[in-house]
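>>> make a model of this:
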Amino acid sequence: MAAQSTPPSQSQQQVDSSEKIAQQFLSNADDYFRSDIKLVVSDYDCLTQMNTTALDKYNQLHRKLQHVNSSVRTMNDNNCTKMLSTFSQLNEIEDAMSNLESTIMKLDAYSRSLETQVKKYEKTATTTRTTSP
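Residues are numbered from 1 along each chain as shown. Purely as a prediction, here's the structure:
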């Protein structure tokens with residue numbers, strides 16, 4: 001007896017068709033999820049690069065600001081030293097001016113005293129001349 005091939009039944013064909021559709025669906029879903037995961041990984045890589053770049057820029061700015069801060073401190077120290085020196089000189093000038101003012105007042109008082117004495121002497125001299133024969 002030879003084996004006879006029997007045509008597949010309609011229900012068997014529907015099962016085969018359903019399996020084929022399910023396989024296509026799973027294959028398409030697999031492709032979709034793989035591409036979605038690739039997109040997420042790509043986004044993650046991009047964010048990592050952006051964070052690295054931002055960190056590098058931040059470090060550069062930090063170094064520049066440290067340099068500027070150091071320069072400003074040096075300038076402030078130099079200016080403070082110069083200002084203290086100038087302040088000291090101004091105090092010396094002020095002291096000298098006070099001494100000069102005091103000396104001028106003493107000279108003025110002495111000049112008045114001399115003037116008073118000269119006037120007395122002149123009066124005495126004029127009085128003596130007029131009374132002498």
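>>> every contact and neighbour count from this point should use C-alpha atoms.
Noted.
>>> ok, so what distance separates Thr81 from Ser88?
As for Thr81, its distance to Ser88 is 11 Å (criterion: Cα to Cα, to the nearest Å).
>>> and stretch 120-130, how far from the chain's centre?
Using Cα atoms, centre = their mean, to the nearest Å, we find the averaged C-alpha position of stretch 120-130 to lie 84 Å away from the chain's own average C-alpha position.
>>> got the residue ranges for the helices in this protein?
10-131 (DSSP state H).
>>> so where's it uncertain?
Counting by pLDDT under 70, the chain contains low-confidence ranges at 1-8, 131-133.
>>> most centrally placed residue in it?
When the chain is reduced to its mean C-alpha position, the closest residue under Cα atoms, centre = their mean turns out to be Leu65, at 6.2 Å.
>>> how close does that residue get to Ser71?
Between Leu65 and Ser71 the distance is 10 Å, computed by Cα to Cα.
>>> do the same with Leu26
Distance from Leu26 to Ser71, by Cα to Cα: 67 Å.
>>> and for Ala109?
Using Cα to Cα, one obtains 56 Å as the distance from Ala109 to Ser71.
>>> go on, Gln117?
For Gln117, the distance to Ser71 (Cα to Cα) stands at 68 Å.
>>> what does Ile93 give?
33 Å.
>>> ok, Asn99 next?
Between Asn99 and Ser71 the distance is 42 Å, computed by Cα to Cα.
>>> likewise for Gln89?
When Cα to Cα is the yardstick, Gln89 and Ser71 sit 27 Å from each other.
>>> count of neighbours near Phe33?
A total of 12 residues lie near Phe33 under the criterion other Cα atoms under 10 Å.
>>> and what of Leu100?
Every residue meeting other Cα under 10 Å relative to Leu100 is counted, giving 12.
>>> for it, list the residues it contacts.
Listed by Cα atoms under 8 Å, 6 or more residues apart in numbering, Leu100 has no contact partners.
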